[in-house]
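Q: here's my sequence, what's the structure:
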Amino acid sequence: MFQKTKMHKVFKEAVDRPRYDEEGNCYFDGKLGIWPFVRQEPAKRRSDNKPRGTLISKTIKVARDTSRSYLISKVLDAIVKKWPREDWGKTIWVQQDNAPSHVLANDADFALAVAHTGLDIRIMNQPPNSPDMNVLDLGFFASLQTKAYLRNSKNIDELIKNVEKEYVEYDQNMVNRVFLTLQGCFLEVIKLGGGNGYKIPHMNKERLERLGMLPTRLSCDLQLYQSVMLSLSQ
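A: Residues are numbered from 1 along each chain as shown. Modelled structure (predicted):
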């Protein structure tokens, strides 16, 4: 599961791989939530649309305390409410990039909050210098941002409303496509023995989706898997 702060550091977003049943019906779209980093304060001046004193949104600086607060009160809460029940017994990894404002993997407050959920939720950072290892940087957030910017946003409140609307309406099949690209990058990294000298793989996902042949996950060749396990054992 991936969480990210972008869009001029206004939003925190969390997304995971969609889940489908045997008939191909999506029962978990992977969209855990998107939350703006803002506070409400009264307007100091009146405008054509708002009288003086009207509550307006102001962006806030995202420090580690802020990240911790959002991670505990919003991301953890969303996981508890939305995570597929058949996966509750598995470890849930919250992957984040290496921004200084993000919570440390051994954060005591986060561990205490997780203990109250009854789930095994842990933090991990993505490998350094590896944007292809974060599904949000592989296209999800860029496309969401593009869709939101096509709507007219006169102020931060309208931007938040438009982004949230686009997030809710974002097609789960598009989320699946981006996760397939991520898995393809994983396989390329494995083939190179951990290197990053590869091109992002393409598999004509839109065409396969139209034909009803698009997979929900990629498989690893047995020989490749065995070679990796051999390397790790040495």
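Q: show me the strands in this protein, by range?
A: For the chain, strands defined by DSSP state E occupy the ranges 2-6, 11-15, 19-20, 26-28, 31-36, 38-42, 55-59, 92-96, 121-125.
Q: show me where the chain has its helices.
A: All helices of the chain, identified by DSSP state H, fall at 64-70, 77-82, 108-115, 141-149, 156-169, 172-191, 205-210, 222-233.
Q: those: which one's closest to residue 96?
A: helix 64-70 (8.4 Å; CB to CB). (Each C-beta comes from the backbone N, C-alpha and C, glycine too.)
Q: for that closest one, list every residue counted as buried.
A: Neighbour-count burial for helix 64-70, with 16 or more other CB atoms under 10 Å as criterion, is recorded at 67-68, 70.
Q: give me the average confidence score over it.
A: Summarised as a single mean, pLDDT over helix 64-70 is 94.
Q: tell me which helix or strand in this protein has the weakest average pLDDT.
A: strand 2-6 (a mean of 51; mean pLDDT, DSSP states H and E).
Q: need the contact list for the closest residue to residue 17 other than its chain neighbours.
A: Closest residue to residue 17 apart from its sequence neighbours, by CB to CB, 6 or more residues apart in numbering: residue 179 at 4.7 Å. Residue 179 is in contact with 17-18, 30, 135, 217, counting by CB atoms under 8 Å, 6 or more residues apart in numbering.
Q: how much space between residue 179 and residue 230?
A: 28 Å (CB to CB, to the nearest Å).
Q: go on, residue 92?
A: Separation of residue 92 from residue 230 (CB to CB) stands at 29 Å.
Q: before we move on, what about residue 193?
A: Counting by CB to CB - residue 193 and residue 230 are separated by 12 Å.
Q: again with residue 46
A: 71 Å.
Q: repeat for residue 183
A: 22 Å.
Q: where's residue 131 relative to residue 100, distance?
A: 17 Å.
Q: apologies, that question was intended for residue 30.
A: The spacing between residue 30 and residue 100, counted by CB to CB, is 28 Å.
Q: these two - which one has more neighbours?
A: residue 30 (23 against 7; other CB atoms under 10 Å).
Q: I'd assumed residue 175 was in contact with that one.
A: Yes - with contact defined as CB atoms under 8 Å, residue 30 counts as touching residue 175 (5.0 Å).
Q: mutual contacts of the two, please.
A: With CB under 8 Å, 6+ apart, residue 30 and residue 175 have common neighbours 15, 17-18.
Q: most neighbours out of those, which is it?
A: For the shared contacts of residue 30 and residue 175, neighbours tallied by other CB under 10 Å; top is residue 15, 25 neighbours.
Q: for residue 196, phi and psi?
A: Per-residue torsions, residue 196: phi -120, psi 20 (degrees, to the nearest 10).
Q: that one: neighbour count?
A: 14.
Q: next: residue 112.
A: 10.
Q: returning to that earlier point: so between residue 183 and residue 230, which is more surrounded?
A: Using other CB under 10 Å as the criterion, residue 183 and residue 230 rank with residue 183 on top: 19 against 9.
Q: now residue 164: closest residue in space that isn't a chain neighbour?
A: residue 34 (6.3 Å).
Q: OK, contacts around the spatially closest residue to residue 26 that is not a sequence neighbour?
A: Excluding the flanking residues, the one nearest residue 26 by CB to CB, 6+ apart is residue 172, at 4.9 Å. For residue 172, the contacting residues are 18, 26, 29-31, by CB under 8 Å, 6+ apart.
Q: pull stretch 71-81 out as PDB, backbone CA atoms only.
A: Taking C-alpha atoms only, stretch 71-81 is exported to PDB below (Å, rounded to 0.1, in the frame of the first residue of the first chain):
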ATOM      1  CA  LEU A  71      -1.000   8.700   9.100                       C
ATOM      2  CA  ILE A  72      -2.600   7.700  12.400                       C
ATOM      3  CA  SER A  73      -5.900   9.600  12.300                       C
ATOM      4  CA  LYS A  74      -6.700   9.200   8.600                       C
ATOM      5  CA  VAL A  75      -4.600   6.500   6.800                       C
ATOM      6  CA  LEU A  76      -4.900   3.900   9.700                       C
ATOM      7  CA  ASP A  77      -8.600   4.700  10.100                       C
ATOM      8  CA  ALA A  78      -9.100   4.200   6.400                       C
ATOM      9  CA  ILE A  79      -7.300   0.800   6.400                       C
ATOM     10  CA  VAL A  80      -9.400  -0.400   9.300                       C
ATOM     11  CA  LYS A  81     -12.600   0.600   7.500                       C
END
